[in-house]
Each structure stands twice: as structure tokens, then as C-alpha cells.
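K.L.:
Okay, predicted coordinates and the sequence, questions at the end:
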Amino acid sequence: MAYYLAEISVRLMNTTYLYVLIYTNKLVIKDVVSNREVTALPETSFTTSRIIIGDMLSAMKTLKKGEARLSGERNFLQKLLPRRFKVIIHPMEMTEGGLCSTERHFFRDFGHMLSPSPSSSGLVTVYVCDHPEILENSLVKDILTGRKDVFNEKKE
């Protein structure tokens, strides 16, 4: 029984709940459990005149560095198990008229970049939000923990 409880708590410790706001050449990454927030700026611009993420490599590096700054050092138990992420990707600019299915797919793929390798992409659950306003922290936490289902899309 004690082993089962320890397994559950380690699994919960290894799930990171993130809310990623995408702005022109800036990512705001929030950990909704610890209420910590990091603003990540790219080394090279990732926004182009036509799309908010025109350079995927630069945006990916910015996302990974920002998440690493946010999460800090992991303890021994956390290093033993693979990390899991539940993420809401929320582009805040250049979304006039909403997002088309191609853009939604693109942003889902962007969220999956948090995965350490392509074979472990199942460890990342990504939602894409195109609401014009920033979501409340309590709503984000409810969505990511499964207490509330507000998106009419399949999570991947």
C-alpha cells in the first residue's frame, strides 16, 4: 500500500502544468501549480511579419530555456521518471479572425516540443486556446487537471 501511494505522489510530482502565452518575440510561461511565471525572450527573432512563430527552431529553444528556468533543479525522484507536461498554448497576437485548423495543429506541435524526444511525445498533452483574453489561473488549473472541459477539440 505504501509503495502504491509513493508511486502516485511521484507521478503527480513529475507532471508539470504550464500555460504558455505567445506574443511577438516573447513567451510568457506560467506554472499554474506553483504560480511562478517566466518571460522568455529569444536569442534570434522567431516572429515574422506574417506569423507569430515564423522560426520554429528559435521559438523551440526559447520555450525549452524558459521552461528550464521556470522548473529549476529537479530532485532525485523526479529525475528517475520521465517528465509529463499538460500545456495550454495561447497565442495572444496575430490571431485576427481566430485560428484555422492548420494553425491549431502547428501550435499543438509547438507544445509537443517540450517532450525530451519524439518517441516520448505521449508524455505531453497540449490544448490550444484562441480566446482573445488571458485565462484566469483557476480556470487554467481546472482545465489542465481535468476538472473542466471547455475546449471543443480533441487533446493530443
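P.N.:
Thanks, I have the structure now.
K.L.:
is it true that Tyr17 lies in a helix?
P.N.:
No - counting by DSSP: H, G, I helix; E, B strand; the rest coil, Tyr17 is located in no helix; its state is strand.
K.L.:
looking at this, Phe107 is in a strand?
P.N.:
No - counting by three-state DSSP, Phe107 is located in no strand; its state is helix.
K.L.:
from here on, count from 280
P.N.:
With 280 as the first residue, the last one maps to Phe386.
K.L.:
ok, it to Asn416 distance?
P.N.:
Note on Phe386: its distance to Asn416, by CB to CB, to the nearest Å, is 20 Å. Using the backbone N, CA and C atoms, a C-beta is placed for each residue, glycine as well.
K.L.:
Any regions of the protein where pLDDT drops low?
P.N.:
Applying pLDDT under 70 to the chain flags the ranges 280-292, 353-358, 395-401, 429-435.
K.L.:
Show me the strands in this protein, by range?
P.N.:
Ranges of strands within the chain are 294-302, 305-310, 315-319, 363-370, 403-407, based on DSSP state E.
K.L.:
Looking at the chain, which helix is longest?
P.N.:
Ordering each helix of the chain by length in residues (DSSP state H) puts helix 335-350 first.
K.L.:
what angle separates that one from strand 363-370?
P.N.:
120 degrees (axes from the mean of the first three to the mean of the last three CA atoms, to 10 degrees).
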